[in-house]
Structure formats: structure tokens, C-alpha cells
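Asks: can't give you the sequence, but here's the structure:
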């Protein structure tokens, strides 16, 4: 079993040398810029850790892990645009549209999304690309509700915006490892708790979402409960889930 | 064999009742608006006609045909944005961003692209989604070159922007019909000529691209030569290609 830090190192090395389609030409620079913005890589690490803890291998799960990170990055590039969340900075440097212009950022986001599907389609099993597509359409629906205030149910929006891709990270790890659908339930239940934990802590740090509605203490309690349930789910899996436990512990106490 | 008009009727009926992901909520309105803008449906009709002329059925090719039209529509919605081509009108009515706002148009384009992959992934054969992804990444690369003037080689840009999706229309029709790769070459050669014919006539009507470079007469000659070669390709297929010939004839003389 590799540690979370080791998985991150393996993933970053894979991503840095990942070939992109030559047809993109110099648009590739904008994609690389967006991908190299130093994110936490939580979704790919989760995917790799699930593959490693089941019957799979980290190496076989790498394209699926990269597909998740590309979809996540696509959503950041488009959401940061002036017409959406209008964020000129992302992780302490200019966001993609601020660095390359709005038009190039739109095309870069589009290309990241398609490259994600090309990675997911490198597997013979179409279940991987199908789950990625379903999660992505959920994410987009969540972002739409967020910007329009339509059907505003905070938990539903967060479940779509964040939860769906976390769930897919677990699902893609399982599929890449060849775990049959009938055995996936307990792993997926763990992923749902981890996604909730991530989102609530995110809201506490950003002072919005769950923190705005429940207050910081109420949100902290919700996060702690999700962490407890996530650890209980891991206890019930009867295999070495030490890296996944490390992820839960890290998310529960993260401060950035 | 159904005529091109009959195929268009079948396709429009399928598209009008195509279920979209419920997670999209009211964003679906913007997708429907973009899809119902009364395009010529050339790519889906080409896909259906190829399936019908080989060993496939129109019905089995419908999801693939719709996936092509959704990718085409995604590209129009994003390309019309102020940050790209800045077109407030499309086929005589407000373009999607003019009707719904830039933010919703960005998300609607994203959702059209993902829905296209969901349709392509409804087949067990991943070759369909793979070919769609490869063509789409080529289209995006073409649009990038077009807006930046990067590596400006007109034929290369047009081959990417238009030719790749025309080629995929033929390819998806063949894959949906189960035509083995080894037998696809002559059909694909036909598709390449048809894509060139479409683009050159488009440029003559818009007075840009090939028409700007070669003059109207020179472009007209190029279009006529492509039409001749396309018909010769059909002659070599030794099956009933009357609908495909109808498409060639229609594209060669179209005025809108």
C-alpha cells in the first residue's frame, strides 16, 4: 500500500507527462497552466487509493484518476469566467481566463472535458466513461442551480456540484480494478460520506454554504459526524484501508 | 432506403423527445432552444444514411446521430459567445447567449457536450464514443487556430473545424452498423470529399475562407471537383447509395 503522499507523487508525474491531442496546438499551454495550478489532487488520489485497496493496481487506475482531475479542472476554468463566478485568481495566481483571455479559457475548458473522456475511453469497459459522464452532467446541473438560485436546496446543489465527482472517484477506482457492481455498495457509501465531509469543511473555510446556514459550530458537528461515519464504513470493508483513513483524517482537519 | 427528407423527419422526431439528464433542471430549456434552432441536420442525416446503406438500421444509428448534432450545437453555442465569434444571432433568432445570458450559454454548451457523450456511450462498442471524442478535440483545436490566427493554414483549420465532424458522421454510421474497420476505408474517403464540399460551399456563401483565398470562381471549381470525386466514391461502393448521392447533389447547389 502506498501512502497518500506517494500516490500524489505518482499522479503528478503521470499528469506532467500525459500526452494531449496534437490537434490542440498551442491551446495545450492553457490546459497545462490550468492543470499545474497545484491543487490538492484529492479526487485522483481517492481513485488510486480505492484501486490499490481492492483488486486493482495504481498504474491501471492512472488514466481514470487523470480523467477525474481534468473534469474537475474543466469546471474550475469555466466557473472562474467573468460570466459565471468571475474569479481572477485561483490558488494565488491568475486564473486561466485572466492569464489567457476569456475565449481561450472557454476553449481550454472544453478541451479539458473532451480529453477527460479520451482518457476514460482508453479502457475497454465503457462503465468508466459512463460514470464520468453521469457525474459531470450532475456537476453542471449543480453549477446552474448555484448561479441562478433555481430550485435552491443547498444540500442538493452541493451533492451535485461536489458529491457527484467524489462518488465517481470511488466508482472509477472500483471499475478500473474490476470490482463487480454487486460488491461496490459499501465502497460507494464510504465515498458519499467523504464527499460530504469535504464539502462541509470547504464551506467552513470559505464561510459559506453549510457554514452560512448552520453556523460554524453546526457545520463543524456535521463534518465530524461525516468523518465518524466514513471511518465506520472503512472498518466494515475488512481490507487494508489505511490510506483512505489517512484521507478522511486529512480532510477532517484541513485548514486550506 | 429512406430519402434524406424522411431521415430528417425521423431524426427531428427523435431529437424532440430525447430525454435529457434530470439533474440539468431548468438548464434543459437552453439546451432545447439551441437544438431547436432549425439547422440543416446534415451530420445526423449523413450518419443515418450511411447506416441505412450498409448493414445497419436507421433506428440503431439514432443515438449516434443525435450525439453528432449535440456536439455540433455545443460548438455553435460556445463559438457564438462574445469572447469568441460574438454572434448575437443564429439562423434569424437570438443566439443562445443572447437569449439566456453568457453564463447559462457556457453551461448549456458544456451540458450539450456531455450529453453527446452519454448518447455515444449508450452503445456497447466504445469505438463510437472514441471517434466522437477524437473529432471533437480536433474541432476545438481548429476553433483555437481560427480565433488566434495560430499556425494559420486555411485547409488545416477547415479540416479540423468542419472536416473532423463530417468524417465522424460517416464513422459513427459505420460503427453503429457494425461495419468492420477493414471495410470502412472507401466510405471514409467519401466522407472526406463530402466534408470538403460542404466547407467550400459554406465559404462561398459566407464570402470567406476558400472563397476569400481562391476567389468565388476558384472556390466553385474546388467544390465541383469535390462533388465529382464524392460521386465517384459512391459509384465504387456497389450498394444503393441514392440518399448519399442526394446529399452530395444538395450540398453542391445549396444557397443557404
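Replies: The structure has been received and is ready for your questions. Not measured: the values here are computed from a predicted model. Residues are numbered from 1 along each chain as shown, chains lettered A, B, ... in the order given.
Asks: Okay, and the closest residue to residue A:84 other than its chain neighbours sits in which element?
Replies: Distance criterion C-beta to C-beta, 6 or more residues apart in numbering or on different chains; nearest residue to residue A:84, sequence neighbours excluded, is residue B:103 at 4.8 Å. Using the backbone N, CA and C atoms, a C-beta is placed for each residue, glycine as well. Secondary structure from DSSP states H and E places residue B:103 in helix B:102-120.
Asks: avg pLDDT for that helix?
Replies: Mean pLDDT, helix B:102-120: 98.
Asks: Which SSE is immediately downstream of that helix?
Replies: Next element after helix B:102-120 (DSSP H and E): helix B:127-148.
Asks: That following helix versus helix A:127-148: what angle between them?
Replies: 50 degrees (axes from the mean of the first three to the mean of the last three C-alpha atoms, to 10 degrees).
Asks: if I look at residue A:54, how far off is residue B:194?
Replies: 48 Å (C-beta to C-beta, to the nearest Å).
Asks: Of the two, which one has the most company?
Replies: Shown here are residue A:54 and residue B:194; by other C-beta atoms under 10 Å in any protein chain shown, residue B:194 has more neighbours (27 against 21).
Asks: sec struct for that one, please.
Replies: Recorded secondary structure, residue B:194: helix (DSSP: H, G, I helix; E, B strand; the rest coil).
Asks: Hmm, it is touching residue B:249, no?
Replies: No - in this structure, residue B:194 is not within contact of residue B:249 by C-beta atoms under 8 Å, at 11.3 Å.
Asks: one step back: I'd like to know how many residues surround the residue nearest to residue A:84.
Replies: 21.
Asks: tell me the contacts of it?
Replies: Residue B:103 makes contact with A:81, A:83-84, A:147, according to C-beta atoms under 8 Å, 6 or more residues apart in numbering or on different chains.
Asks: And residue A:130, by the same measure?
Replies: Going by C-beta under 8 Å, 6+ apart, residue A:130 touches B:118, B:121.
Asks: what about chain A, any weak spots by pLDDT?
Replies: A:150-152 (pLDDT under 70).
Asks: Tell me which helix or strand the most centrally placed residue in chain A sits in.
Replies: Centrality entry for chain A: nearest residue to the mean C-alpha point is residue A:43, 3.7 Å, by C-alpha atoms, centre = their mean. In this assignment (DSSP H and E), residue A:43 forms part of helix A:42-53.
Asks: Just want the angle from the helix holding residue B:103 to helix B:127-148.
Replies: 150 degrees.
Asks: chain center to helix B:102-120: distance?
Replies: Relative to its parent chain, helix B:102-120 has a centroid offset of 16 Å by C-alpha atoms, centre = their mean, to the nearest Å.
Asks: Show me what the helix holding residue A:43 is packed up against.
Replies: helix A:4-16, helix A:58-79, helix A:164-176, helix A:185-206, helix A:242-253 (3 or more C-beta pairs under 8 Å, 6 or more residues apart in numbering or on different chains; DSSP states H and E).
Asks: hmm, try it at 6 Å
Replies: With contacts defined as 3 or more C-beta pairs under 6 Å, 6 or more residues apart in numbering or on different chains; DSSP states H and E, the packing partners of helix A:42-53 are helix A:4-16, helix A:58-79, helix A:164-176.
Asks: what's the closest of these to residue A:127?
Replies: Closest approach to residue A:127 among these (C-beta to C-beta): helix A:164-176, 5.0 Å.
Asks: So which residues make contact with that closest one?
Replies: A:43, A:46-47, A:50-51, A:56, A:60-61, A:64, A:68, A:127-128, A:131-132, A:135, A:138-139, A:184, A:187-188, A:191, A:195 (C-beta atoms under 6 Å, 6 or more residues apart in numbering or on different chains).
Asks: Would you show me how to pick out the buried ones of these in PyMOL?
Replies: This is the PyMOL syntax for the buried subset of the contacts of helix A:164-176, where burial follows 16 or more other C-beta atoms under 10 Å in any protein chain shown:
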select buried, chain A and resi 43+46+47+50+51+56+61+64+68+127+128+131+132+135+138+139+184+187+191+195
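Asks: Get me the contact residues on the stretch 1-150 of chain A for chain B.
Replies: With the criterion set to C-beta under 6 Å from any C-beta of the partner chain, the stretch 1-150 of chain A comes near chain B through A:21, A:23-27, A:78, A:83-84, A:102-103, A:106-107, A:110-111, A:114, A:117-118, A:121, A:126, A:129-130, A:133, A:136-138, A:140-141, A:144, A:147, A:150.
Asks: Spit out the contact partners of the residue nearest to the centre of chain A.
Replies: Neighbour list for residue A:43: A:68, A:72, A:165, A:169 [criterion: C-beta under 6 Å, 6+ apart].
Asks: And the furthest pair within these?
Replies: The largest separation in those, counting by C-beta to C-beta, is between A:72 and A:169 at 9.4 Å.
Asks: packing partners for the longest helix belonging to chain A?
Replies: Assignment by DSSP state H gives helix A:210-235 as the longest helix of chain A. If you count contacts as 3+ C-beta pairs under 6 Å, 6+ apart, helix A:210-235 packs onto helix A:185-206, helix A:242-253.
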